[in-house]
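Trainee: kindly return the folded structure for what I paste below:
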Amino acid sequence: MNTHGFISQRVQGIRPSAIRRFFDIAATMEDVISLGIGEPDFVTPDPIVQAGIEALQCGETHYTSNSGLIELRRAIAAHMDTRYGQTYNPASEILVTVGVSEALYLAMAALLDAGDEIIIPEPCFVSYESTAKLVGAVPVIVPTYAKDDFQVSASAIEAAVTERTRAILIASPNNPTGAVMSRESLNAIAAIAKKHDLVVISDEIYDRLVYGVPHTCFASLPGMYRRTVVLQGFSKAYAMTGWRIGYIVGPAELVGEMRKAHQYIIMCAPSTSQWAALKALEVGEPYIEEMVAEYDRRRKLIVGGLNDLGLICTEPKGAFYAFPCIQSTGMDDNEFAEQLLQEQQVAVIPGNAFGESGKGYVRLSYATAYEKIETALERLARFLQHHREVHTVATSEAIG
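Mentor: Now for the predicted structure:
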């Protein structure tokens with residue numbers, strides 16, 4: 001029986017995540033240093049863990065409101081007001097989700113009809129294009145380049161606008177490049193959104209992980225509150241990936257439509273995780289500061305090490321990724337990542353996993369121990385030296 005005919009065209013049209021593929025391969029090997037997965041190596045701070053445990057012990061094991069615990073929504077509203085001067089109504093303008101992955105799906109499902117276009121700067125996180133396709137929309141890719149520090153320009157976005165364009169997706173800080181958009185650049189993009197009457201989906205999950213530059217909340221830009229949906233969560237800044245807790249903030253008329261889809265596919269985010277997230281907002285700041293300082297130390301190590309090895313790497317200003325160019329090795333990014341894993345047991349992600357614009361690059365996560373990064377750089381040096389020697393011998397033989 002041919003079951004392939006049962007599969008929808010939408011699902012057939014998306015490819016499996018290359019991140020998970022390399023993670024699965026690495027899991028079968030010994031002594032692997034993984035620089036592949038974008039997950040903090042820190043454990044969730046103890047007060048946050050204890051809040052989750054206490055919630056379970058107190059019987060907080062039931063459904064919450066579809067929108068999430070009102071206590072958590074109030075805390076999120078206070079957080080957004082304190083950090084970005086943005087006032088959101090906890091009752092109608094905040095929706096607690098199962099991570100930012102669900103938030104992204106809800107935003108696209110509520111804002112885009114089949115055939116609508118959404119502009120997505122690239123390289124970008126692996127799920128953006130696929131999620132757009134899953135809801136029947138058309139992703140329109142706008143490439144960015146290392147020479148511009150991977151900053152997308154307003155002119156490039158406007159050049160991609162058509163009569164079918166409905167939305168722009170902005171991710172700053174960016175995964176995989178670590179680029180942080182300047183306020184000036186974001187204001188220029190905001191002007192395009194207003195000119196063409198577009199909505200902006202702003203993925204700001206890495207907003208707290210910035211190094212020496214400020215993060216600008218897109219909704220805080222003049223005139224953008226009514227046409228911006230901000231996606232946020234607890235996974236990265238609070239080391240809470242496994243708790244699967246995120247949120248959407250935006251104008252009530254947009255968030256209300258997302259809530260309807262959320263009601264039917266999720267019901268509500270896990271109650272235990274919501275109580276833990278509330279505690280994170282209450283006590284998490286010192287832990288964030290400690291983690292950011294350590295990420296910055298690792299960032300300097302890995303970027304300096306890569307450049308010393310001849311793998312030119314633009315300095316990432318946010319998140320916890322380095323995105324070096326590997327074209328000087330003569331290998332493509334798939335070949336580089338596969339051979340590095342097999343020969344030196346270092347796992348990285350080929351840049352093409354993040355779109356065509358990522359070809360010729362690899363992503364390395366520095367969300368792992370400093371000492372492991374040091375060892376990974378030593379192994380990378382041996383790998384590069386070996387392949388340069390092989391290339392020299394092959395060239396000499398060809399000439400001879």
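Trainee: got the CA positions of stretch 326-337 in CSV?
Mentor: Output of stretch 326-337 as CSV, limited to C-alpha atoms (Å, rounded to 0.1, in the frame of the first residue of the first chain):
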residue,chain,number,x,y,z
ILE,A,326,34.1,28.4,5.4
GLN,A,327,34.5,29.0,1.7
SER,A,328,38.3,29.4,2.1
THR,A,329,38.5,25.6,2.9
GLY,A,330,37.3,24.6,-0.5
MET,A,331,34.4,22.6,1.1
ASP,A,332,30.8,23.4,1.0
ASP,A,333,29.0,23.8,4.3
ASN,A,334,27.4,20.3,4.3
GLU,A,335,30.8,18.7,3.5
PHE,A,336,32.5,20.8,6.1
ALA,A,337,30.0,20.0,8.9
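Trainee: can you give me how far it is from the chain middle?
Mentor: Remark: stretch 326-337 is offset 23 Å from the chain centroid, using CA atoms, centre = their mean, to the nearest Å.
Trainee: report pLDDT for the residue nearest to Ile19 when sequence neighbours are not counted.
Mentor: Closest residue to Ile19 in three dimensions, ignoring its sequence neighbours and counting by CB to CB, 6 or more residues apart in numbering: Ile349, at 5.5 Å. To be clear about C-beta, it is placed using only N, CA and C from the backbone, and glycine gets the same treatment. The per-residue pLDDT reported for Ile349 equals 95.
Trainee: so Ile349 bridges to which residues?
Mentor: With beta bridges defined as DSSP bridges, Ile349 has these partners: Arg363.
Trainee: ranges for the strands of the stretch 51-200 of the chain?
Mentor: In the stretch 51-200 of the chain, the strands defined using DSSP state E, counting those that start in this stretch lie at 94-97, 117-122, 138-143, 165-171, 199-203.
Trainee: would you check how far apart Tyr264 and Leu380 are?
Mentor: 47 Å (CB to CB, to the nearest Å).
Trainee: okay, those two: which has more neighbours?
Mentor: Neighbours were counted for Tyr264 and for Leu380 using other CB atoms under 10 Å; Leu380 has more, 23 against 8.
Trainee: can I assume that one is in contact with Leu341?
Mentor: No. Contact between Leu380 and Leu341 fails when scored by CB atoms under 8 Å: they sit 11.5 Å apart.
Trainee: can you report how many residues lie near Gln385?
Mentor: Neighbour count of Gln385, defined by other CB under 10 Å: 11.
Trainee: in a helix, it, correct?
Mentor: Yes. Under DSSP: H, G, I helix; E, B strand; the rest coil, Gln385 sits within a helix.
Trainee: for the chain, name the helix or strand with the lowest mean pLDDT.
Mentor: Ranking every helix and strand in the chain by mean pLDDT, DSSP states H and E puts helix 18-27 at the bottom, with a mean of 70.
Trainee: downstream of that helix, the next helix or strand is which one?
Mentor: Remark: after helix 18-27, the chain's next helix or strand is strand 33-34, criterion DSSP states H and E.
Trainee: can you give the strand pairings for that following strand, parallel or anti for each?
Mentor: Applying DSSP bridges, one finds strand 33-34 paired with strand 346-347 (parallel).
Trainee: now the partner strand, how far from the chain's geometric center?
Mentor: Taking mean C-alpha positions (CA atoms, centre = their mean), strand 346-347 and its chain are 20 Å apart.
Trainee: show me the shaky parts of the protein.
Mentor: The chain contains residues with pLDDT under 70 at 1-2, 20, 22-23, 25-26, 389-400.
Trainee: need the residue closest to the centroid of it.
Mentor: Central residue of the chain (CA atoms, centre = their mean): Asn175, 4.5 Å from the mean position.
Trainee: separation between the nearest residue to that residue once chain neighbours are set aside and Leu231?
Mentor: Closest residue in space to Asn175, ignoring its immediate chain neighbours: Phe125 at 4.8 Å, by CB to CB, 6+ apart. Phe125 sits 11 Å away from Leu231, going by CB to CB.
Trainee: likewise Met291?
Mentor: For Met291, the distance to Leu231 equals 21 Å [CB to CB].
Trainee: now Ile118
Mentor: To Leu231, Ile118 is 14 Å away according to CB to CB.
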